[in-house]
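# predicted model, plus sequence, below.
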Amino acid sequence: MAKFEIKERDCLSRIGRLETPHGIIETPALLPVINPNKMLIEPDEMRKLFGVNAIITNSYIIYRSDKLRRKALSEGIHSLLKFDGVIMTDSGTFQSHVYGSVDVDYLEIFEFQRDMGSDIGTILDLFTEPDENRTTAKRKVIETVKRARKSVVVKDKMLAACTVQGGVYEDLRARCAEEMGKIDCDIHPVGGVVPLMENQRYDELVRCIVSSKMHLPLSRPIHLFGAGHPMVFPLAIALGVDMMDSSSYAKYARDERFIFPWGTKKLQDMEEIPCNCPVCSRVDAKELKEMNKEERERNIALHNLYICFSEMKRIKMSIREGSLWELVEEKASINPLIMDALRFLERESIKEWLERFEPVSRKSAFFYINRHSMHRPIVYRYQKRLLSVYKPSGEIIVREEVEKPYGRTYRKEWERSKTDIVIKSPFGPVPLPLDEMYPIAQSVFPKVIDKESEELAERILNKLLEKNEVKPVEKPERGKRNLDIDRVRLTVDMQFGKGVSDILLDGEISIRKSKSTGKIRNVFVDGRHILSMRARDGMFTLKIAGARILHEFYAPPRYRVIVENDVSRFIREGRNVFAKFVIDCDSKLRPHDECIVVNEDDELLAVGRCLLNREEMLSFNHGIAVKVREGLDQS
């Protein structure tokens, strides 16, 4: 199986490294489609201009040409295309979609890909048309799985791409994905979706991606065939697509269409080109129209590639910043058909699934873009945990939102009363002690949000009141308490689980604050340093003393990442935990959650931060699972 590991993440997107016989592919990756009969732009030129180190071509086209076939078999596919990077090959499935069938045996075309030295070869699956009935789609799924099982036996050193089919039927996609996951292959393309993208049926596209991704091994990259326009790139990648190919740069150029981040425009309809790429800064619309057809087509194709790879860079930047959902929603604001796709993601079951892979916080603030912003997994998590964890100490007084953090305005009122102050925010109710926790304080909203989001926030507030059987009061009851202590306790419960504050903070609590900001920095219990609060997200990092308490009180596997005994010494010394050594993990842990590391005998070894959730840790054989902050021998 191919070596694939995650380096950074956001949503379900993954900046990762996939090893192939001809080098590393950094995901997410866009593979330009190369037509061996007409290379509008040579692969080697793409490498020089755009840093392309992976391309895709069609093995069936090469196979059908005696001249190309002989050269590919004698000299290799890399020599044929004059490219020493990674080459992925398709098998002719798309030609069967266009022409109805292909004249080649499925094993023969797969072996041909292997024999000409393809780095990644694709099985000859059966293309399932979107309008085909369930019976036909099911038959094609069964046949595709059968072909995959027989094909991978002969793959040798070539990576095998086994395509998930199933048409628009979510259950058939899921069944196909589950069966493909049992096969010894390396990559899983999502196939049969080009007609959906061509007709902007993005809601059905998302169903196909999600129903495939949910049932595939998490350690295998997902490829999207025929991704087309960069408008769809962020959405597909946010849902876990690691690689995609596109021939749109050349296809659109033949039709004299320009790709832009917001859509496409025909050259004949433009007096001025709204772009400053190297092509458009060198020639204007008038000059392009006066060029001969071949030169014009090449220049438009180059422009299209500049836009596509620029968008891929923007996506990678968004992943590293933690702002990919904002980019997805930005595209939906431009194209309402993408908003239809986001509606599907608002299903309770889908949000619950997405939340499992959602990092606990991000480097960037939460930016409201449109109505879907309030359905992001991070919002779903906050609302769900609040309803589970928060129990008012008495009555509640609901206050309108003010400048963040809310404690600047309401601190004195909180500390002089027994009545809890709950802020009416776009996220729903926010108890005052949570005003510095991500994403509450680290968020940006317009003065007025959409009506639907307002109503959603109101529903969450009503649920909170009903669950705790309280009604808001107008005047607070006089009393005395400490907001800092309440902040520590409620943040601990929101971060680690209901009632954990009673265990972790059982003793005399003392707090050390920053002299410059006045914010909490360190928490001590009976003189022991238990927690440190992160300034960027208002959440806690766990210290060894705190880890000892959790380890002693809670039984396995709670809060634990369990590793093989053989690596105990290295983890105690502060080495990171690699996924291949993980035996089990608390299913409630999320990416970037605090965790304790133990061995098979439940001996405490270290404390750190998860980079993967349980499903991922048990699926991956490569890469870091836990970033260890402090080993037991270092304390």
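Here it is on my side, so go on. Residues are numbered from 1 along each chain as shown.

# switch to C-alpha atoms for all contacts and neighbour counts from now on
Will do.

# extract the C-alpha trace of stretch 593-613 and format it as CSV.
Extracted in CSV, the C-alpha atoms of stretch 593-613 (Å, rounded to 0.1, in the frame of the first residue of the first chain):
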residue,chain,number,x,y,z
ASP,A,593,-7.5,17.9,21.3
GLU,A,594,-5.4,17.5,24.4
CYS,A,595,-4.7,13.8,25.2
ILE,A,596,-2.7,11.5,27.5
VAL,A,597,-0.5,8.8,26.1
VAL,A,598,-0.4,5.4,27.7
ASN,A,599,1.0,2.0,26.8
GLU,A,600,-0.9,-1.4,26.7
ASP,A,601,-0.5,-1.7,30.5
ASP,A,602,-2.1,1.7,30.9
GLU,A,603,1.1,3.3,32.2
LEU,A,604,1.1,7.0,31.8
LEU,A,605,3.9,8.0,29.3
ALA,A,606,3.2,11.6,28.1
VAL,A,607,0.8,14.4,27.4
GLY,A,608,0.3,16.0,24.0
ARG,A,609,-2.0,17.1,21.3
CYS,A,610,-3.8,14.8,18.8
LEU,A,611,-3.2,15.5,15.1
LEU,A,612,-5.7,12.7,14.1
ASN,A,613,-8.9,11.3,15.5
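
# quick check: buried residues in it?
Neighbour-count burial for stretch 593-613, counted by 16 or more other CA atoms under 10 Å, picks out 593-599, 602, 604-613.

# how about stretch 110-130?
110-130.

# among these, which ones are in strands?
Among the buried residues of stretch 110-130, DSSP state E puts 120, 121, 122 in strands.

# is residue 373 in a helix, a strand, or coil?
Judged by DSSP: H, G, I helix; E, B strand; the rest coil, the three-state class of residue 373 is helix.

# typo on my end, it should be residue 423
strand.

# wait, it touches residue 431, no?
Yes: counting by CA atoms under 8 Å, residue 423 does reach residue 431; the two are 6.2 Å apart.

# domain assignment for the chain?
The chain is divided into the following domains under automatic domain parsing: 4-247, 357-484.

# a markdown table for these, including distance to residue 581 and mean pLDDT?
Below are the domains of the chain laid out as a markdown table (distance: least, CA to CA, whole Å; pLDDT from 0 to 100):
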| stretch | distance to residue 581 | mean pLDDT |
| --- | --- | --- |
| domain 4-247 | 14 | 95 |
| domain 357-484 | 21 | 95 |
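
# residue 576: which of the ones you listed is closest?
Ranking those by proximity to residue 576 (CA to CA) places domain 4-247 first, at 13.7 Å.

# circling back to that earlier point, so which of the buried residues of stretch 110-130 sit within helices?
110, 111, 112, 113, 114, 115 (DSSP state H).

# closest to residue 570 among those?
Among these, and counting by CA to CA, the member closest to residue 570 is residue 114, at 40.9 Å.

# hang on, that closest one packs against residue 121?
Yes: taking CA under 8 Å as the definition, residue 114 is a contact partner of residue 121 at 6.8 Å.

# identify the contacts common to these two.
With contacts taken as CA atoms under 8 Å, 6 or more residues apart in numbering, the residues that reach both residue 114 and residue 121 are residue 158.

# please enumerate the helices of the stretch 101-250 of the chain.
All helices of the stretch 101-250 of the chain, identified by DSSP state H, counting those that start in this stretch, fall at 106-115, 134-151, 170-181, 194-198, 202-213, 233-238, 248-254.

# the last one packs against which elements?
Right, helix 248-254. Contacts defined by 3 or more CA pairs under 8 Å, 6 or more residues apart in numbering; DSSP states H and E place helix 248-254 against strand 257-260, helix 293-321.

# over to the longest one?
Counting contacts by 3+ CA pairs under 8 Å, 6+ apart, helix 134-151 is packed against helix 106-115, helix 170-181.

# how about residues contacting it?
Residues from elsewhere that reach helix 134-151 (CA under 8 Å, 6+ apart): 106-107, 110, 123-128, 162-163, 165-167, 169, 172, 176, 179-180, 183.

# same check on the shortest one?
Among residues not part of helix 194-198, those counted as contacts by CA under 8 Å, 6+ apart are 129, 130, 202, 204, 205, 225, 226, 227, 228.

# ok, those residues vs residue 326, which is closest?
residue 202 (17.8 Å).

# so the closest one touches residue 341, yeah?
Yes: Residue 202 lies in contact with residue 341 (CA under 8 Å); the separation is 5.4 Å.

# looking at those two, which is more packed in?
Between residue 202 and residue 341, counting by other CA atoms under 10 Å, residue 202 is the more crowded of the two (23 against 19).

# list the contacts for the residue of the chain most remote from its centre?
Relative to the mean C-alpha coordinate of the chain, counting by CA atoms, centre = their mean, the farthest residue is residue 478 (47.7 Å). Applying CA under 8 Å, 6+ apart, we find residue 478 in contact with 416, 417, 418, 419.

# where does the prediction get shaky in the stretch 501-635 of the chain?
635 (pLDDT under 70).

# could the helices of the stretch 101-250 of the chain go into JSON lines alongside distance to residue 589?
Shown next, in JSON lines, are the helices of the stretch 101-250 of the chain (distance: least, CA to CA, whole Å):
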{"stretch": "helix 106-115", "distance to residue 589": "41"}
{"stretch": "helix 134-151", "distance to residue 589": "34"}
{"stretch": "helix 170-181", "distance to residue 589": "24"}
{"stretch": "helix 194-198", "distance to residue 589": "36"}
{"stretch": "helix 202-213", "distance to residue 589": "20"}
{"stretch": "helix 233-238", "distance to residue 589": "20"}
{"stretch": "helix 248-254", "distance to residue 589": "41"}
